[in-house]
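Trainee: my questions are about this predicted structure, shown below with the sequence.
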Amino acid sequence: MDEPTSNLPLADTSEGTQHHNNQLNEEDEQTTTSTNNNRAIEFITPQPTIPSPRNLARLELEHRLQSIYTPVNTNEYWELQDTILQLSSDLQVAKSTLSRRTSLRSSRSSSYNRGEDNKSSGIQAIETMLRRAQAKDAQHVYRVTSKAAVVAGRMGRYEEAERYGIESERAKMMLPQFNLEGLWVG
């Protein structure tokens, strides 16, 4: 029985074959190098660009707004929401306690009235803390100022309506649902 023969050359260790193999290796390296040089342009990191005055103004405004409002969907924002809820609850409890005590007021002495003044000042303190916390919430500020702008406009207070409108737009810039113009990928 005859053994099958292969058309492939057997490994030859002569100088001619080695020279031929070296030439192929050099050509492969040159091809790879030229391909890498052509593709290198794709991977060059861009040089930092100088922002335009318009971009600088936008970045400065965003920085100022972030110092005024708590950024939405951050831990600080959720802590702020918890604080607002707690203060609202405390305010309701304080008001209901005051209203119960007010009904007893007619039967009490004037010394009780001084205590009630302290209680109403406690309510004022809670209201102040609540307003300050809500002033850091861009959603709350947007909701309140946009309604106030409409009401002021209806009442003929156009300067006041414009101020509320400007503040509403500033708060709106901090809300992600209104700030999507740069995120579209298509």
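Mentor: Sure, I can see it. Just so it is clear, the model here is predicted, and its values are computed rather than measured. Numbers count the residues shown, from 1 in each chain.

Trainee: quick one, longest helix in the protein?
Mentor: helix 75-104 (DSSP state H).

Trainee: in this protein, where is pLDDT below threshold?
Mentor: Applying pLDDT under 70 to the chain flags the ranges 1-43, 103-119, 181-186.

Trainee: 50 - rerun?
Mentor: 12, 110-112 (pLDDT under 50).

Trainee: so how many other residues sit close to the residue nearest to F178 when sequence neighbours are not counted?
Mentor: Closest residue in space to F178, ignoring its immediate chain neighbours: K172 at 5.0 Å, by C-beta to C-beta, 6 or more residues apart in numbering. Using the backbone N, CA and C atoms, a C-beta is placed for each residue, glycine as well. The tally of other residues near K172 (other C-beta atoms under 10 Å) stands at 17.

Trainee: who's in contact with K172?
Mentor: Shown in contact with K172 (C-beta atoms under 8 Å, 6 or more residues apart in numbering): A138, Y142, F178.

Trainee: make a markdown table from these and add secondary structure and neighbour count to it.
Mentor: Formatted as a markdown table, these follow (DSSP: H, G, I helix; E, B strand; the rest coil; neighbours: other C-beta atoms under 10 Å):
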| residue | secondary structure | neighbour count |
| --- | --- | --- |
| A138 | helix | 24 |
| Y142 | helix | 21 |
| F178 | helix | 13 |
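
Trainee: which among the residues you listed gets closest to Q66?
Mentor: Of all the contacts of K172, Q66 sits closest to A138, with 9.8 Å by C-beta to C-beta.

Trainee: which other residues reach stretch 151-165?
Mentor: Here stretch 151-165 makes contact (C-beta under 8 Å, 6+ apart) with T145, S146, A148, A149, V150.

Trainee: same thing but 7 Å
Mentor: Under the criterion C-beta atoms under 7 Å, 6 or more residues apart in numbering, residues T145, A148, A149 lie in contact with stretch 151-165.

Trainee: first vs last residue of that stretch, how far apart are they?
Mentor: Using C-alpha to C-alpha, to the nearest Å, the end-to-end distance of stretch 151-165 comes to 11 Å.

Trainee: buried residues in it, which are they?
Mentor: A152, A161, Y164, G165 (16 or more other C-beta atoms under 10 Å).

Trainee: follow-up on the earlier one: what would the contacts of K172 look like in TSV with distance to A94?
Mentor: As requested, the contacts of K172 are exported to TSV (distance: C-beta to C-beta, whole Å):
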residue	distance to A94
A138	27
Y142	28
F178	35
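
Trainee: out of the residues you listed, who's nearest P46?
Mentor: The shortest approach to P46 among those belongs to F178, at 29.5 Å (C-beta to C-beta).

Trainee: gap between that closest one and N73?
Mentor: 14 Å (C-beta to C-beta, to the nearest Å).

Trainee: ok, Q177 next?
Mentor: If you measure Q177 against N73 using C-beta to C-beta, the figure is 11 Å.
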